[in-house]
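Enquirer: task: produce atomic coordinates for the following.
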Amino acid sequence: MAIQVHLEEILLARGMTSRELSAKVGITEANLSILRSGKARGVRFGTINKICYYLSCDVGDILKFDGNLEDDDEN
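Expert: Numbers count the residues shown, from 1 in each chain. So this is what the prediction gives:
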């Protein structure tokens, strides 16, 4: 995947569990797990906004571009 998700590292650095973050953000633990694993195909800006707010981080701290173009047909 061309976009790498580093949410797990930020959670560990902040000493917060996925359960705590999902409750604060207002999404299910299952959906947060999909995002953390990098398997999410999309995410709402509002969700990213809340995640960044509650983790006191920037979007670039949790989402990184690996420099490659991903073809939507690749699965």
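Enquirer: which parts of the worst-scoring helix or strand of the chain on mean pLDDT are buried?
Expert: Ranking every helix and strand in the chain by mean pLDDT, DSSP states H and E puts strand 3-5 at the bottom, with a mean of 92. The neighbour-count check on strand 3-5 (16 or more other CB atoms under 10 Å) flags residue 5 as buried. To be clear about C-beta, it is placed using only N, CA and C from the backbone, and glycine gets the same treatment.
Enquirer: for that strand, which strands pair with it and how are they oriented?
Expert: Strand 3-5 has these partner strands in its sheet, going by DSSP bridges: strand 63-65 (antiparallel).
Enquirer: which residues sit against the strand it pairs with?
Expert: Under the contact criterion CB atoms under 8 Å, 6 or more residues apart in numbering, strand 63-65 has outside partners 2-6, 48.
Enquirer: and the helices in the chain?
Expert: With DSSP state H applied, the chain shows helices at 7-14, 18-25, 29-37, 45-55, 59-62, listed in chain order.
Enquirer: buried sites along the second one?
Expert: Within helix 18-25, the residues that qualify as buried by neighbour count (16+ other CB under 10 Å) are 21-22, 25.
Enquirer: for the first one, same thing?
Expert: Buried residues in helix 7-14, counting neighbours by 16+ other CB under 10 Å, are found at 7, 10-11.
Enquirer: equivalent analysis for the shortest one, please.
Expert: When burial is assessed from 16+ other CB under 10 Å, helix 59-62 yields the following buried residues: 61-62.
Enquirer: could you give the mean pLDDT of that helix?
Expert: Over the span of helix 59-62, the pLDDT mean works out to 96.
Enquirer: packing partners for it?
Expert: Using 3 or more CB pairs under 8 Å, 6 or more residues apart in numbering; DSSP states H and E as the contact test, the elements touching helix 59-62 are helix 7-14, helix 45-55.
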